[in-house]
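Participant: I'd like to go over a predicted model; first the sequence, then the structure.
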Amino acid sequence: MADKVQVGHSDGAQRAPTARLRPYVASYDGYRLSGFEPGIHVGMPSPNLTVILTIDSQLDIADSPRQGSCAFESLASGISVEPVTIAHDGNQHGIQLSFTPAGARALFGIPTSALGDWMVDLREVLPDTQELTDRIAAEDSWSGRFDIVDEILCRSRGDHELDPTLAEVWRLLVHTEGMVRVGDVASQIGWSRRHLVNRFTAEFGVGPKDSARIARFDRSHQVLRRPNIPPLADVAALCGYYDQAHMARDWRDLAGLSPSRWRRNEQFPFIQDRGS
């Protein structure tokens, strides 16, 4: 597939959080995009919770499954099987944080299911949000901004922890992109299949099969975000799909469009693979 020609300017940075936070936050991704054509950007389903901190701007949600159109200066959202459409004027500036379900418990004090597929103002779940957004807006460097996020999230850490058995179930089902059967996991931990499904859904807000499906889709999305990609059949095989048609069906269900159409429509730059 040919490289996509870009007309705007982009810069950003990615960093892992401080060691103390790594069980709770997978990554910090800073981004600044300017001078692109106005349009829409698709916020994709992910096995992580999404936290967005905008800088001198707001995030305009054009359409979401549960909330329609809305706008946020900072937001937190749970895990969903449906995409969100973001309207933009060709410019975006902020930091995206990928929270793990353990992070929802430890840093927000709630299970992932409490957010479900809703987006909320971050101030509803993180008391120091105003200080956080004010300080990152006043800081010029990405490293300085990430240090501020580290400081405030470490301050927010409480005593709430994800049940260790559920954490292991999540690892077995999600980190293997559905390669492990739900019944086998239930037998391994000594639960009935029904009890596992009920406990899993109550904690994470999605069922085991959907969570594994989202994880597999997210892996393909990360591969397809690279500037240069292998043939789609190879991407499908790499990400655990039966074949390219299987991957295309998942993309239509979870993203609302095919992988090739998304590559054509996405206006913002594709990223170099940074091993995340």
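Facilitator: Perfect, I can see it now.
Participant: can you tell me which residues contact residue 127?
Facilitator: Residues near residue 127 by C-beta atoms under 8 Å, 6 or more residues apart in numbering: residue 156. All C-beta spots, glycine's among them, are computed from the backbone N, C-alpha and C.
Participant: Now do the helices in this protein.
Facilitator: In the chain, the helices defined using DSSP state H lie at 101-103, 129-138, 142-156, 164-174, 182-189, 193-204, 208-224, 232-238, 244-254, 259-265.
Participant: Just the buried residues of the third one, please?
Facilitator: Within helix 142-156, the residues that count as buried by 16 or more other C-beta atoms under 10 Å are 142, 145-150, 152-153, 156.
Participant: coming back round to it: from the helices of the chain, which stretch is densest packed?
Facilitator: helix 101-103 (a mean of 23; mean count of other C-beta atoms under 10 Å).
Participant: Residue ranges of each domain in the chain, please.
Facilitator: Domains of the chain are assigned by automatic domain parsing as 9-156, 164-265.
Participant: I'd like the ones you listed as JSON lines, with mean pLDDT appended.
Facilitator: Compiled in JSON lines, the domains of the chain are given as follows (pLDDT from 0 to 100):
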{"stretch": "domain 9-156", "mean pLDDT": "93"}
{"stretch": "domain 164-265", "mean pLDDT": "93"}
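Participant: picking up where we left off before, can you tell me which of the buried residues of helix 142-156 is closest to residue 232?
Facilitator: Using C-beta to C-beta, residue 142 is the member of those that lies nearest residue 232, at 32.8 Å.
Participant: who's in contact with that closest one?
Facilitator: So residue 142 contacts 12-13, 15, 30 (C-beta under 8 Å, 6+ apart).
Participant: Name the pair among those residues with the greatest separation in space.
Facilitator: 12 and 15 (10.6 Å).
Participant: returning to that earlier point: now rank the contacts of residue 142 by neighbours and give me the top one.
Facilitator: The most crowded member of the contacts of residue 142, judged by other C-beta atoms under 10 Å, is residue 30 (22 neighbours).
Participant: Pull up the gap between it and residue 213, please.
Facilitator: Using C-beta to C-beta, to the nearest Å, we find residue 30 at a distance of 29 Å from residue 213.
Participant: Also residue 262?
Facilitator: In this view, residue 262 and residue 213 are 17 Å apart by C-beta to C-beta.
Participant: What's the local residue count around the spatially closest residue to residue 205 that is not a sequence neighbour?
Facilitator: Distances taken as C-beta to C-beta, 6 or more residues apart in numbering place residue 113 nearest to residue 205, at 3.6 Å, with adjacent residues excluded. Residue 113: 17 surrounding residues under other C-beta under 10 Å.
Participant: what sits against the residue lying closest to residue 248 once chain neighbours are set aside?
Facilitator: Counting by C-beta to C-beta, 6+ apart, residue 248 lies nearest to residue 258, which is 5.4 Å off, once chain neighbours are set aside. Listed by C-beta under 8 Å, 6+ apart, the contact set of residue 258 reads 248, 251-252.
Participant: Might you specify the subset of the contacts of residue 142 located within strands?
Facilitator: 12-13, 15, 30 (DSSP state E).
Participant: Read off the pLDDT value for the nearest residue to residue 39 once chain neighbours are set aside.
Facilitator: Excluding its sequence neighbours, the residue lying closest to residue 39 (C-beta to C-beta, 6+ apart) is residue 267, at 5.3 Å. Residue 267 is assigned 74 on the pLDDT scale.
Participant: isn't residue 267 right up against residue 36?
Facilitator: Yes. Counting by C-beta atoms under 8 Å, residue 36 is a contact partner of residue 267 at 5.2 Å.
Participant: Of these two, which one has the most company?
Facilitator: Neighbour count, other C-beta under 10 Å: between residue 267 and residue 36, residue 36 has more, with 20 against 17.
Participant: what's the distance between residue 120 and residue 256?
Facilitator: 23 Å.
Participant: Of those two, give the one with the bigger neighbour count.
Facilitator: residue 120 (17 against 14).
Participant: which residues does that one bridge with?
Facilitator: Assessed by DSSP bridges, residue 120 has beta-bridge partners residue 76.
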